[in-house]
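*Asks:* here's my sequence, what's the structure:
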Amino acid sequence: MRSNQSLPIAAHLTAANLFGFQPEKQLPVKTLVQPLQSPVEFTAVYPAVHGPAFARTMDKFRVYVSDYNFRTIAENEVIEAHNAKVQIYKKENQLAEYQKQILVNFPKKHRRCNAREYNQAVDDAGEAFSYFIEKKTIPTIKYATEQHFQNFMHLYNMQLKKRNEEYMRLKVRVPRPLQELDTNSYHITTLNRNGVSSIDVCAKTVRNHRQRLVEAGIFQNATSHGHTKGVTVTVNPDILAILDLQHGNPAMIENQPLSPTCKKEFPYNNETTRANLDNYKKREAASQASCDKEAPTSPAPFVHKSNFHKNTLGKEEKNSLGGAAENVKVEEILSHQLRALIIHPQQLAMELSQGLHDNYVPIDVRLLHKEAYGGYLTRSEFRELVIQDHFKAAAKLYRGANVYPGSWKRAINEWMSKKFLTFNDIEFNKANVVSDVEQLRWRLDDARKFFIRTGIPTLYPSRYFDCTRQTSKEIGFEYTKKRWARHLKYIEQEPERKRKQQKNAQLRIQQINYSKMLENELRRFLKDKITWPQLSDYVEKHLPAEYAEKLPEMLDRLMTTLKR
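*Replies:* Numbers count the residues shown, from 1 in each chain. Down below sits the predicted model:
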C-alpha cells in the first residue's frame, strides 16, 4: 500500500523510467496523462448512475486516482530536478537583457494554461530557453476532489433522470448514447440532501476541482458554453459505470460487470395436449404477458411461479410455498375477470346506444396497475380493455340522448386503429398504456363539466372522438389534451402560489402589528407620557420608513377619532 508521503528519489526515478520519463535530460517527456480516447461507447435506453453503478464508479475513481497520483509524484520529481538545474544556471550565469524579458513575458503569455500545458510550452520553447525557465509543479488529486466528484455524479444522475422521464413520457425505448454532464458550478453549490447542503463551498472552489478532474483525464472533452452556463464534459469511460433501467443490467455488460453473480436457468418442460386446451391457452397468455413487460420498474423477467415450482420442487417443498402459489392464483383470477369484460366492438356499440352504461363506474385504476405489472393479459387485450373502459365512461356525456350504434362503432374503430400504437402499428406495453388512464378520465370529466357549463350540445361520438379534431373551434375530445397540459402546469405552480399566499399573509399581519405599535405610541404621546422627539425616534427605529412620513397625518386621524 502506498502512503501519501514523498517516496524516495530512487523510487521515483525508477517509476519515471517505467512510465517514459528521462530525468538525465533537461527536457522531460510530455504530459503523462492524456485523455483516453476509448473506442467503447455507452448506449442505454434509460441510463442511470445509482446503486451498484454509483458504487462501482467510485471504486474505479479511487483506483484511477491512486495510480494517477503515483505517476504525478514521479513526474514532479523530474520537474524538481529541472528547476534545480535552472537555479544553478541562474547563479552561475548572468542573464542577458532579452532573457530577463522572456522570464517576465513567458508566464503572462501562458497564464491561462494549466501546469502540464505550461510545462509543455516550456519544452516547445526550445532547449536554449529551458535553461533559465522553471516549470510548474503538477498538483495531485486530493480527497476533497473525490467529494466533488461524488456530487458531480449525483448531479449527472439527476440530469439522466430528467431525460429518462421525457423519453418514458414519449414511450421511446431505443438505445442511445449517453448525454454529456453539465458541470454547472451553481448547481453543485445548491445541491441539498435531507434539507442540508451537500457541500458547503463557493462556485470558485467547484470550478477549481472541476479543472483538476479535467487535467487528470477523469473529465474529458470539456466544452465551455459561456460564462452564464456550465461546462459540458464526458466522464472517462474507464471510470464510469452505467445502469440501464430498461432491463436492470449494466449498459456495457461485457466491459463493465457490476457484480460477478451468475444465474441458473431452468428449462420449461410443461407438456400440453389437446385434452387440456384451456390450460394451454392460459399458459400461452401468461407467456405472452411476460414478453409484454418492459417497464423500467420491473427489470426482472416474469416467471409463472406455479410452473417453475412444478418442475423443480418436490411435494413437501410445494406445500411450504403455498403463499406464493396463492398469490399467482389471485393474479390469474384477476386477469381472467378483466378479460371477461372485453366484448365485441359491435356489441359494445349496441349497449352504448341503448344507454346501458350511462351510470358506468370505471375499473379501479389500482387493478389496472396490478394487471399491467403482474397480470396475464396480452398487450392487445389490455389495450382493448382500456379503450372499451374509456368509451363506457364516456357514455355519461350522452345520457338521455338518442345516439345510433353506427356512430359509436365508428368512434371505437377510430380509437382501435390509432390509440396506444407505435408508428408501425405495434401496441404499447401495458405499463405505458395504464399511465394514460388517469389523463383520459380527467379529460372526460373536464369535457362533461364544459358541456354542462356552456350548454353546448355534445357532438355525435363519431365526430367528437375523431382524432383529427384538435382545435378549440372543432370541439373535439383531442383538444382536451391542451386542457390537461394546463392542468399539469397549474398543479406544478401550486407550491409557488401557496408560498406567495403565505408571504402576503405574513405581510398583512406585519402591517397590522406596525399599526398597533404606532397607535399605542400615539396614545402615549397624547397622554403626555412621551415627548415628540421620543415619538419620532421610536418610529424611525422600530417602524418602516413610510410610517415616519405619515406620522402627522396618522396623529390627526387619531385625534379626530378620539374627539368623536
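*Asks:* could I get the phi/psi values of the residue nearest to Val433 when sequence neighbours are not counted?
*Replies:* Ranked by Cβ to Cβ, 6 or more residues apart in numbering and with sequence neighbours excluded, the top spatial neighbour of Val433 is Phe420, at 5.2 Å. Heads up, the C-betas are built off the backbone N, CA and C, glycines and all. When read as degrees, to the nearest 10, the backbone of Phe420 gives phi 60, psi 40.
*Asks:* pretty sure Arg383 is one of the things Phe420 touches, is it not?
*Replies:* Yes: with contact defined as Cβ atoms under 8 Å, Phe420 and Arg383 form a contacting pair (4.9 Å).
*Asks:* identify the contacts common to the two.
*Replies:* Glu427, Phe428, Val433 (Cβ atoms under 8 Å, 6 or more residues apart in numbering).
*Asks:* and for the second one, the neighbour number?
*Replies:* Right, Phe428. 21 (other Cβ atoms under 10 Å).
*Asks:* need the pLDDT of the closest residue to it other than its chain neighbours.
*Replies:* In this structure, Phe428 finds its nearest non-sequential neighbour in Phe420, 4.6 Å apart by Cβ to Cβ, 6+ apart. For Phe420, the model assigns a pLDDT of 91.
*Asks:* what sits against Phe420?
*Replies:* Arg383, Val386, Ile387, Glu427, Phe428, Asn432, Val433, Asp436.
*Asks:* how far away is the last one from Leu181?
*Replies:* Relative to Leu181, Asp436 is positioned 32 Å away (Cβ to Cβ, to the nearest Å).
*Asks:* can you check Ser198 too?
*Replies:* Noted for Ser198: a distance of 16 Å to Leu181, by Cβ to Cβ.
*Asks:* and the residue most central in space within the chain, what does it touch?
*Replies:* Nearest residue to the geometric centre of the chain (Cα atoms, centre = their mean): Lys161, 2.1 Å. By Cβ under 8 Å, 6+ apart, Lys161 lies in contact with Ala48.
*Asks:* work out for me the element it sits within.
*Replies:* Per DSSP states H and E: Lys161 is located in helix 143-169.
*Asks:* C-terminal to that helix, what's the next element?
*Replies:* strand 176-177.
*Asks:* chain center to that following strand: distance?
*Replies:* 16 Å (Cα atoms, centre = their mean, to the nearest Å).
*Asks:* list the neighbouring strands of that strand plus their orientation.
*Replies:* strand 43-44 (antiparallel) (DSSP bridges).
*Asks:* outside of the partner strand, which residues touch it?
*Replies:* With Cβ under 8 Å, 6+ apart, strand 43-44 has contacts from Pro175, Arg176, Pro177, Leu178, Ile242, Asp244, Gln246, Ala251.
*Asks:* if we can go back for a sec, higher neighbour count, Ser198 and Leu181?
*Replies:* The neighbour comparison of Ser198 against Leu181 (other Cβ under 10 Å) goes to Leu181, with 22 against 17.
*Asks:* separation between that one and Asn236?
*Replies:* 11 Å.
*Asks:* and for these two, which residues touch both?
*Replies:* Phe219.
*Asks:* go ahead and confirm Phe391 touches Ala411.
*Replies:* Yes: using Cβ under 8 Å, Phe391 is in contact with Ala411, at 7.0 Å.
*Asks:* who touches both of these two?
*Replies:* Common neighbours of Phe391 and Ala411 (Cβ under 8 Å, 6+ apart) are Pro461.
*Asks:* doesn't Thr234 fall inside a strand?
*Replies:* Yes: Thr234 forms part of a strand when assessed by DSSP: H, G, I helix; E, B strand; the rest coil.
*Asks:* need phi/psi at Arg111.
*Replies:* Dihedral angles (degrees, to the nearest 10) for Arg111: phi -70, psi -20.
*Asks:* next one: Thr223
*Replies:* Taking degrees, to the nearest 10 as the convention, Thr223 sits at phi -130, psi 120.
*Asks:* tell me the contacts of the closest residue to it other than its chain neighbours?
*Replies:* Spatially, and ignoring its direct neighbours in sequence, Thr223 is nearest to Thr232 (5.0 Å; Cβ to Cβ, 6+ apart). Thr232 is in contact with Glu180, Leu181, Asp182, Thr183, Ala222, Thr223, His225, counting by Cβ under 8 Å, 6+ apart.
*Asks:* of those residues, closest to Arg207?
*Replies:* Closest approach between those and Arg207, by Cβ to Cβ: Thr183, at 8.7 Å.
*Asks:* is it true that that closest one touches Arg210?
*Replies:* Yes: with contact defined as Cβ under 8 Å, Thr183 counts as touching Arg210 (5.3 Å).
*Asks:* anything in contact with each of the two?
*Replies:* Joint contacts of Thr183 and Arg210 (Cβ under 8 Å, 6+ apart) are Phe152, Phe219, Val231, Val233.
*Asks:* my guess is the second one contacts Asn236, does it?
*Replies:* Which is Phe219. Yes: contact between Phe219 and Asn236 holds when scored by Cβ under 8 Å: they sit 7.4 Å apart.
*Asks:* ok so, going back, list the buried residues for the helix holding Lys161?
*Replies:* Within helix 143-169, the residues that count as buried by 16 or more other Cβ atoms under 10 Å are 145, 148-157, 160, 164, 168.
*Asks:* re the thing from before, flag the least confident of the contacts of Thr232.
*Replies:* Lowest confidence among these: His225, with 79.
*Asks:* and the gap between that one and Met158?
*Replies:* His225 is 19 Å from Met158, by Cβ to Cβ.
*Asks:* and if you look at Ser335?
*Replies:* From Ser335 to Met158 the distance is 37 Å (Cβ to Cβ).
*Asks:* try Leu348
*Replies:* For Leu348 relative to Met158 (Cβ to Cβ), the value is 45 Å.
*Asks:* try Trp442
*Replies:* Distance from Trp442 to Met158, by Cβ to Cβ: 28 Å.
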